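In: Mind looking at a prediction? Sequence and model below.
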Amino acid sequence: GQNIDQPTEMTATEGAIVQINCTYQTSGFNGLFWYQQHAGEAPTFLSYNVLDGLEEKGRFSSFLSRSKGYSYLLLKELQMKDSASYLCAVREGTGFQKLVFGTGTRLLVSP
Amino acid sequence: KAGVTQTPRYLIKTRGQQVTLSCSPISGHRSVSWYQQTPGQGLQFLFEYFSETQRNKGNFPGRFSGRQFSNSRSEMNVSTLELGDSALYLCASSESGTGEEKLFFGSGTQLSVL
């Protein structure tokens, strides 16, 4: 099985940088996803890592270290609209679509 | 393209009843998976369907079941509802459910069991 850990809540200031960490223990690993979910809305895809290293996409970057079972999501130039929950998920296995999610990190951006 | 559509948006049921939730995936997507989201547990995988076949199932009791139709639309059913079944049920679709495909989620069905 899988165990995904991420902080429950974080706060940051508009314009700042925040890093949301995710650690995982896995019996099978086939990629790591980050999703953003605003209250009452559907989760939306942010990033995907399957190889070690950093993936950058605008203000958002995601890093993966498979040997350490560790990933982080980096958000730069924070905006008020970034206040949301950020979900770390590991894809388990191949040949089917199954993600194992952490409980999510609620980020509050203040002015 | 239209996104993933889930109906109904809200449901209120009483213990012991059964409920059916519906999901229409993005056009062309053949993989549909279902997740239960609760504040304490986060998103938990229920099951995944591809071409009308269940490919994988999570650790939920047999009261939770699903199916997929030939047009890829999917339904999930929960029988003999319990208070603990109150949750947001999310449906997600992807083209083939393999590789590095991302999941596209619907807005969910909020189920309240009284």
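Out: Nice, I can see it.

In: Tell me where the chain has strands.
Out: Using chain A here. Under the criterion DSSP state E, strands of chain A are mapped to A:3-5, A:9-13, A:18-25, A:32-37, A:44-49, A:53-57, A:60-65, A:70-75, A:84-91, A:99-101, A:105-110.

In: Hmm, no, I was thinking of chain B.
Out: According to DSSP E, chain B carries its strands in the segments B:5-7, B:10-13, B:19-24, B:31-38, B:42-50, B:53-57, B:64-68, B:74-78, B:87-94, B:104-105, B:109-113.

In: Which one, of those strands, ends up nearest to residue A:43?
Out: strand B:104-105 (4.8 Å; C-beta to C-beta). (Glycine included, C-beta is placed from N, CA and C.)

In: so who does the residue nearest to the spatial centre of chain B touch?
Out: Centroid-nearest residue in chain B: residue B:34, 3.2 Å away (criterion: C-alpha atoms, centre = their mean). Residues counted as contacts of residue B:34 (C-beta atoms under 8 Å, 6 or more residues apart in numbering or on different chains) are B:23, B:45-48, B:66, B:74, B:76, B:89-92.

In: Check residue B:41 too.
Out: residue A:103.

In: next one: phi and psi at it?
Out: With angles defined as degrees, to the nearest 10, residue B:41 sits at phi -110, psi -10.

In: distance of it from residue A:26?
Out: Using C-beta to C-beta, to the nearest Å, residue B:41 is found at 18 Å from residue A:26.

In: near chain B, which residues of chain A show up?
Out: A:31, A:33, A:35, A:40-45, A:48, A:50, A:87, A:89, A:93-104 (C-beta under 8 Å from any C-beta of the partner chain).

In: and the closest residue to chain B within chain A, how many neighbours?
Out: Closest contact between chain A and chain B, by C-beta to the nearest C-beta, is at residue A:97 (3.4 Å). For residue A:97, the tally of surrounding residues (other C-beta atoms under 10 Å in any protein chain shown) stands at 26.

In: Does it touch residue B:102 like I think?
Out: No - counting by C-beta atoms under 8 Å, residue A:97 sits too far from residue B:102 to count as a contact (10.0 Å).

In: Quick check: neighbours shared by these two?
Out: residue B:94.

In: For chain B, list the residues in contact with chain A, please.
Out: Looking at chain A, the residues of chain B close enough under C-beta under 8 Å from any C-beta are B:3-4, B:31, B:33, B:35, B:40-45, B:48, B:50, B:55-56, B:58, B:90, B:92, B:94, B:97-98, B:100-108.

In: in chain A, which ranges drop under the pLDDT threshold?
Out: Low-confidence segments of chain A (pLDDT under 70): A:1, A:95.

In: again, only this time at 90
Out: A:1-3, A:26-30, A:40, A:91-98 (pLDDT under 90).
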